[in-house]
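Colleague: missing the sequence, but the structure's below:
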């Protein structure tokens, strides 16, 4: 495995471990008891999260050991993060902020359109716009209509009343 792949693997594992810790904390502090038994309702999730944390820690350790064995000090071994990675991370944050400002549909369209152009600069803009509209509509129909998820739409509420 390449050094760059190992770096991203460790990063993803660390984020997964952080998320697992957060979820475990929430499960541990929940005071809900199942009405049918003496077992707390969060015992099973805590067990699953513990197993996930142990597996993440084990994989991080093995990845670090393997990386240490292959470590070299030449300039080619440095990890340079692609500019698109940072642009994607920033666009995800902006996308999340825009949900409550301009609404789900418009912010999703803008996010998918911008992300397609970030990842492939020479993409056909009309085709990319059509794909972005289609993906946004698909997500809205599946989650908004079929599952009844209430997405924020402040601009639509402003117009409709």
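Modeller: Looks like it arrived, so ask away. From a predicted model like this one, the values you see are computed outputs, not experimental measurements.
Colleague: Now stretch 101-108: buried residues?
Modeller: Buried residues in stretch 101-108, counted by 16 or more other C-beta atoms under 10 Å: 102-108. (C-beta placed from N, C-alpha, C; glycine too.)
Colleague: Can you tell me what sits against it?
Modeller: 95, 98-99, 132, 135-136, 139-140, 144, 151-156 (C-beta atoms under 8 Å, 6 or more residues apart in numbering).
Colleague: same check, this time on stretch 86-100
Modeller: Against stretch 86-100 from outside (C-beta under 8 Å, 6+ apart): 106-108, 110-111, 114-115, 118-119, 151-152, 154.
Colleague: mind putting these in JSON lines, pLDDT included?
Modeller: What follows is the contacts of stretch 86-100, written out as JSON lines (pLDDT from 0 to 100):
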{"residue": "106", "pLDDT": "93"}
{"residue": "107", "pLDDT": "93"}
{"residue": "108", "pLDDT": "93"}
{"residue": "110", "pLDDT": "95"}
{"residue": "111", "pLDDT": "94"}
{"residue": "114", "pLDDT": "94"}
{"residue": "115", "pLDDT": "93"}
{"residue": "118", "pLDDT": "91"}
{"residue": "119", "pLDDT": "88"}
{"residue": "151", "pLDDT": "84"}
{"residue": "152", "pLDDT": "84"}
{"residue": "154", "pLDDT": "82"}
